[in-house]
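J.: predicted model, plus sequence, below.
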Amino acid sequence: MSGDVTRLIGDTPLIRLNAASEATGCEILGKAEFLNPGGSVKDRTALGLIRAAEADGSLTPGGTIVEGTAGNTGIGLSLVAGALGYSTLIVMPRGQSPAKRDALIAAGARIVEVDPAPYSSEHHFVHASKRLAESLQGAVWAGQFDNPANKAFHAATTGREILEQTGGRVDGFICAVGTGGSLAGVAEALRAADPDTRIGLADPAGGALYSWYTEGVLKSGGGSITEGIGVGRVTGQLDGLRIDHAYRIDDAEFLPILFDLVRSEGLSLGGSAGVNIAGAIRLARELGPGKTIVTLLCDSGARYAGRLFNKDYLGARGLPVPPWEIEAPASASA
């Protein structure tokens, strides 16, 4: 068999989430994006961005892909670039967890760190990455937040796969927003097949999109231990997207769902998946029994174990802790 690792991106299965389905009387299905070779849904984004740059001639053999990211998109870009003969240069803000930095290096990325700054500042890592790309010969800027190739690739792959896997019977789709490419792209594909498909947004505390879609203003409040979601602006991916249902999901709501999935269904997932499933449960209850709701299981819990499953970290913030940590014996004899 010939090919490269990019052949393994996509065509992920749908998994029935038993507890969520039984609690709502709906079929709640999660698309297992953690099975992509880089371990997340961002592998799709990476492949879509690179293929689009090849198609328009901006990325040529031996070129460099530059992007501002602190997480999964950088890993996906680096792995896809390695498979296709390119290199990556990732600009990230200082102060990110060592685990993130190590994961990027392990994926073959070269890293430039900049001081943290708000998006409105020219020193924000995304703006810095664009300037860096413009200054390097043979480099292209991926621009995941506003590059239309992101949304288009999700419509052509993620959305199409969901339709095929459900026989076109999807009543609702919901997920959180990092760039918005997954949500907007899947929504486009599902609504093209059935305009009545309901589309939902699950926004963590600290994100501004819940207030945007419910009040028409960008307003954030509180904070979340999730990473990579909960943006404070309407990205290019979201331009023109109609949201039918928007929910704000607090950490205390999704953490018990994640813990129950580990113990009862053998799934260890990241915080974005927890927010997505909590949102799917809310959407299912609003639509009523008998519906089919799909969401994304974006990545695994292993990359976030220091937060999501750390009883000391969670306890210090007054958040639920994994029940198996509470149940652990204080001591054990040989």
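T.: Received it, and whenever you're ready, just let me know what you need. Numbering: from 1, shown residues only.
J.: so which residue is smack in the middle of the protein?
T.: Cys298 (5.1 Å; C-alpha atoms, centre = their mean).
J.: surely that one meets Asn276?
T.: Yes - counting by C-beta atoms under 8 Å, Asn276 is a contact partner of Cys298 at 7.1 Å. From N, CA and C alone the C-beta is placed, and that goes for glycine too.
J.: residue contacts, the residue nearest to the centre of the chain?
T.: The neighbourhood of Cys298, defined by C-beta atoms under 8 Å, 6 or more residues apart in numbering, consists of Glu33, Phe34, Ser40, Val41, Lys42, Asn72, Cys175, Leu269, Gly270, Ser272, Ala273, Asn276.
J.: so for Cys298 and Asn276, which residues contact both of them?
T.: In contact with both Cys298 and Asn276: Cys175, using C-beta under 8 Å, 6+ apart.
J.: keeping just the C-alphas, turn stretch 66-83 into PDB.
T.: Listed next in PDB are the C-alpha coordinates belonging to stretch 66-83 (Å, rounded to 0.1, in the frame of the first residue of the first chain):
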ATOM      1  CA  VAL A  66       4.100  29.800   9.300                       C
ATOM      2  CA  GLU A  67       1.200  30.000  11.800                       C
ATOM      3  CA  GLY A  68       0.400  31.600  15.200                       C
ATOM      4  CA  THR A  69      -0.900  28.800  17.400                       C
ATOM      5  CA  ALA A  70      -0.200  27.300  20.800                       C
ATOM      6  CA  GLY A  71      -1.700  23.900  20.300                       C
ATOM      7  CA  ASN A  72      -3.300  21.300  18.100                       C
ATOM      8  CA  THR A  73      -3.200  23.200  14.800                       C
ATOM      9  CA  GLY A  74       0.600  23.600  15.100                       C
ATOM     10  CA  ILE A  75       0.900  19.800  15.700                       C
ATOM     11  CA  GLY A  76      -1.300  19.100  12.700                       C
ATOM     12  CA  LEU A  77       0.500  21.500  10.400                       C
ATOM     13  CA  SER A  78       3.900  20.100  11.400                       C
ATOM     14  CA  LEU A  79       2.900  16.500  10.800                       C
ATOM     15  CA  VAL A  80       1.300  17.200   7.400                       C
ATOM     16  CA  ALA A  81       4.200  19.400   6.400                       C
ATOM     17  CA  GLY A  82       6.600  16.700   7.200                       C
ATOM     18  CA  ALA A  83       4.700  14.200   5.100                       C
END
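J.: what about it, average pLDDT?
T.: Averaging pLDDT along stretch 66-83 yields 94.
J.: Ser120 and Leu218, how far apart?
T.: 12 Å (C-beta to C-beta, to the nearest Å).
J.: more neighbours: which of these two?
T.: Leu218 (14 against 9; other C-beta atoms under 10 Å).
J.: which residues touch the more buried one?
T.: The contact partners of Leu218, by C-beta under 8 Å, 6+ apart, come to Ala208, Leu209, Ser211, Trp212, Gly232, Arg233, Val234.
J.: could you pull out the strands in the protein for me?
T.: In the chain, the strands defined using DSSP state E lie at 14-16, 27-32, 64-68, 87-93, 110-114, 139-141, 172-175, 198-204, 245-249, 292-297.
J.: make CSV out of the ones you listed and add distance to His124 and mean neighbour count.
T.: Formatted as CSV, those follow (distance: least, C-beta to C-beta, whole Å; neighbours: other C-beta atoms under 10 Å):
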stretch, distance to His124, mean neighbour count
strand 14-16, 36, 15
strand 27-32, 31, 24
strand 64-68, 8, 25
strand 87-93, 8, 23
strand 110-114, 8, 15
strand 139-141, 14, 21
strand 172-175, 25, 28
strand 198-204, 20, 26
strand 245-249, 25, 22
strand 292-297, 26, 27
